[in-house]
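Visitor: Just the structure for this:
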Amino acid sequence: MLPNLLKTPHGYTYRKSIPQDLQDFFGKTVFKEALGRDFKQAKARWAELEAEKSRAIRDARQLLAQKHSIEDAIEAYLKKDPDSRLKALPAAREGLAEQLSVLYLAGLSADYSARKSGERWLNEREPEALTKDLDAVLDSITKAVVTGDVSMFLETVEQLALWRGYRLIDKTGDELQALTYEFLRAAQEGCQVLVARQCGKFAEPVLPEAAQPLPAAWELDIQPKRSQQQVEPKLSDVTPLYIERLSIAHEKTQSTSLSWWRRFTDFCHDKPLAKVTATDVYDFFESRLHAEESPWSMGYCSTVARGLSEAFGLAKTKGLCLHNPVNDLDAMPKISAAEEKKRKKPRFRYSVAQLNIIFGSDWYDPAARNWRGRMKWDLAARYWVPLLCLYHGLRVREPLQLRVQDIEFGSCPLLHIQVEEDDDEDEDEDDANIAAVPTRSLKNPATKRAVPVHPVLLQLGFMDFVSAAAKWGSNPLLFLSALPEPGGKKPMWGRAYEQSFVRYVRDALGFGNGYGNHSFRHTLEFYLRDIQLDEIWPAGASQFYSGRTLPSDADKKFFREQGSERLYGQGFDPRRILPYVKKIQYDGIKLPQPFIQWLDGRPAVDGHLVS
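Guide: Residues are numbered from 1 along each chain as shown. I've put the predicted structure just below:
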């Protein structure tokens with residue numbers, strides 16, 4: 001058996017002991033991961049883990065050494081004459097406002113940690129007192145922004161710089177004023193985040209893009225100490241750190257961001273971090289723009305640049321390099337506007353004629369014999385998912401994750417788009433990793449909502465279908481074909497449905513590229529804009545219904561914008577927006593028969609899926 005690979009009754013497990021001197025650093029004594037029952041797959045993952053965890057141990061030792069260097073630097077700084085140790089820092093220095101803003105907003109993580117640990121409040125009066133204080137500060141900030149009188153906040157800005165070992169220099173008499181006025185953006189956002197937390201929301205600040213906190217004066221003189229035997233950190237040394245950072249992100253974000261970093265590492269032949277320049281970054285993007293296979297667009301290059309900047313920023317923060325070459329990039333390579341347009345992946349809405357083709361096609365023929373597997377067995381999914389996406393603008397995985405309990409009965413039936421928290425912390429780790437169903441996920445907080453079931457769906461028998469589905473078991477899914485196959489490496493909700501529908505409309509119906517499940521959402525958004533020509537909906541109502549945050553710049557002339565009120569409460573009362581929802585109608589559309597008639601005696605779902 002390979003070292004650190006164990007065979008258990010549940011399959012194979014990777015288990016590597018952490019050196020005793022690093023156990024506090026990692027917060028555990030072993031690295032452990034279930035690898036499944038397939039030895040070939042387990043062996044491949046074992047090789048990755050061996051390399052990854054060995055690098056993690058080596059990196060931990062380097063970071064601890066760097067930490068000791070910083071402690072020594074602080075000690076040396078404090079021994080200096082208090083009257084002369086502060087470094088002069090021009091208040092007009094470019095980027096200083098962003099650095100101070102990041103430094104200020106980063107402090108909100110301590111507030112979050114204190115709340116999470118239950119140590120935030122010493123007595124029951126403190127939360128109410130903080131809310132009053134925040135209201136007063138926000139009022140002062142508003143007055144300062146309106147009048148330009150920032151005198152109340154000058155001391156705050158000077159104190160932030162002082163904490164980092166600097167004395168701000170105002171050469172013209174106006175520079176500190178300008179710096180403080182810009183800083184008020186962060187002060188206002190920080191207070192709004194705290195207010196939101198006081199209202200029970202998990203609010204987080206949006207940090208200025210590509211900015212880093214103001215470095216402490218005592219850190220400027222630190223020189224990395226390397227022994228002759230120590231190897232200079234390379235691009236690949238960042239990979240395990242980046243994997244850990246991405247671990248809390250969505251699965252697609254993890255794989256995509258990591259792919260970008262590894263592609264860049266290969267392009268640069270894994271050169272030392274200290275030798276990577278902005279020219280390397282430019283050349284990388286230029287090579288991708290002019291690649292023979294799957295060339296990137298300029299827009300995609302900009303997205304990738306943000307991901308690479310995050311990885312380099314992490315490396316810099318962890319002491320593996322001293323600069324971020326992506327931030328040094330003053331220009332990006334370009335291609336023609338016509339070529340850029342061709343490379344963007346289109347997403348088109350359906351016309352009424354195309355919708356009628358879909359509703360009259362084999363997809364909506366329960367007797368059609370050209371379907372195999374899950375799409376043959378789950379007639380309910382074939383019937384209801386396109387209709388839910390069309391009338392509610394759902395992203396394809398939103399209906400495919402629905403459970404019976406997400407549909408609320410009553411005089412105004414409601415559709416809840418939500419996820420559950422996983423409270424089962426005692427489950428065996430191996431069993432959980434090998435056999436667990438993937439958790440239901442949402443794209444963003446705005447996606448979580450409760451809206452009235454569209455009247456057209458009610459007329460077609462949606463609630464009767466939900467009632468029937470409730471008999472399939474304890475809290476069953478509405479569309480059983482969406483359940484991932486057990487034991488998959490990367491299980492995903494509704495993969496069978498998603499791929500089948502895209503191939504069908506693109507190839508069998510001949511609609512071509514740009515049409516698929518998401519086209520229903522684009523269709524609804526188009527009609528929501530069209531409806532505004534007759535009657536303007538309340539501010540934010542259309543975004544709430546379709547699960548968007550804010551209207552795009554192109555849509556702002558159609559929709560009323562919301563202010564900060566969107567950060568409070570749970571959104572609209574779904575029953576009160578029903579009169580507006582009823583007006584979502586598609587003139588000329590030929591809908592399928594009501595569900596029961598459409599089935600014509602066939603079961604909605606094949607019995608083996610139910611079992």
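Visitor: Strands of the protein, start to end?
Guide: Along the chain, counting by DSSP state E, strands occupy 5-8, 11-17, 30-36, 87-90, 166-169, 407-408, 414-417, 449-452.
Visitor: Skip the chain neighbours and tell me the closest residue to residue 290.
Guide: Nearest non-adjacent residue to residue 290, counting by C-beta to C-beta, 6 or more residues apart in numbering: residue 335, 8.0 Å away. Placement of C-beta: from N, CA and C, glycine included.
Visitor: closest to residue 512 out of the strands of the chain?
Guide: In terms of C-beta to C-beta, the element of those nearest to residue 512 is strand 414-417, at 29.9 Å.
Visitor: for the closest one, which positions count as buried?
Guide: If you call a residue buried by 16 or more other C-beta atoms under 10 Å, then strand 414-417 has these buried ones: 414, 415, 417.
Visitor: tell me the mean pLDDT over it?
Guide: Across strand 414-417, the average pLDDT comes to 85.
Visitor: same deal with stretch 469-482?
Guide: 84.
Visitor: now what about that stretch, what contacts it?
Guide: 374-375, 377-378, 380-381, 384-385, 399-407, 465-466, 483, 493-494, 496-497, 604-605, 609-610 (C-beta atoms under 8 Å, 6 or more residues apart in numbering).
Visitor: Specify which member of the buried residues of strand 414-417 is nearest to residue 534.
Guide: Set against residue 534, the nearest of the buried residues of strand 414-417 by C-beta to C-beta is residue 415 (24.8 Å).
Visitor: Confirm for me that that closest one is in contact with residue 451.
Guide: Yes. Between residue 415 and residue 451 there is a contact under C-beta atoms under 8 Å: 5.6 Å.
Visitor: Give me the common contacts of the two.
Guide: Both residue 415 and residue 451 are contacted by residue 392, under the criterion C-beta under 8 Å, 6+ apart.
Visitor: and the residue nearest to residue 290, how far is that from residue 285?
Guide: When distance is defined by C-beta to C-beta, to the nearest Å, residue 335 is 11 Å away from residue 285.
Visitor: Ends of stretch 233-249, what's the gap?
Guide: Stretch 233-249 has an end-to-end distance of 26 Å (C-alpha to C-alpha, to the nearest Å).
Visitor: out of the contacts of stretch 469-482, which are buried?
Guide: Buried subset of the contacts of stretch 469-482 (neighbour count, 16+ other C-beta under 10 Å): 374-375, 377-378, 380-381, 384-385, 399-404, 406-407, 465-466, 483, 493-494, 496-497, 604-605, 609.
Visitor: Which ones among those residues map onto helices?
Guide: Among the buried ones among the contacts of stretch 469-482, DSSP state H puts 374-375, 377, 380-381, 384-385, 399-400, 465-466, 496-497, 609 in helices.
Visitor: What is the nearest of those to residue 241?
Guide: Closest to residue 241 out of these is residue 400 (34.2 Å), distances taken as C-beta to C-beta.
Visitor: How much space separates the closest one from residue 392?
Guide: Distance, residue 400 to residue 392, by C-beta to C-beta: 13 Å.
Visitor: where do the helices sit along the stretch 251-400 of the chain?
Guide: For the stretch 251-400 of the chain, applying DSSP state H, counting those that start in this stretch gives helices covering 251-267, 278-289, 298-317, 337-343, 352-359, 373-377, 379-392, 397-400.
Visitor: Tabulate the ones you listed (a markdown table), appending distance to residue 6.
Guide: Formatted as a markdown table, the helices of the stretch 251-400 of the chain follow (distance: least, C-beta to C-beta, whole Å):
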| stretch | distance to residue 6 |
| --- | --- |
| helix 251-267 | 26 |
| helix 278-289 | 41 |
| helix 298-317 | 32 |
| helix 337-343 | 48 |
| helix 352-359 | 51 |
| helix 373-377 | 35 |
| helix 379-392 | 40 |
| helix 397-400 | 35 |
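Visitor: Please identify which of those helices is closest to residue 101.
Guide: Proximity to residue 101 (C-beta to C-beta) singles out helix 298-317 among those, at 15.7 Å.
Visitor: in that closest one, what counts as buried?
Guide: Using 16+ other C-beta under 10 Å as the test for burial, helix 298-317 gives 298, 300-301, 304-305, 307-316.
Visitor: From those, pick the one nearest residue 276.
Guide: Proximity of the buried residues of helix 298-317 to residue 276 was ranked by C-beta to C-beta; the top entry is residue 312 with 8.0 Å.
Visitor: do you know how far the residue nearest to the closest one when sequence neighbours are not counted is from residue 449?
Guide: Spatial nearest neighbour of residue 312, chain neighbours left out: residue 324 (4.3 Å); criterion: C-beta to C-beta, 6+ apart. Plainly put, residue 324 is 38 Å away from residue 449 if you go by C-beta to C-beta.
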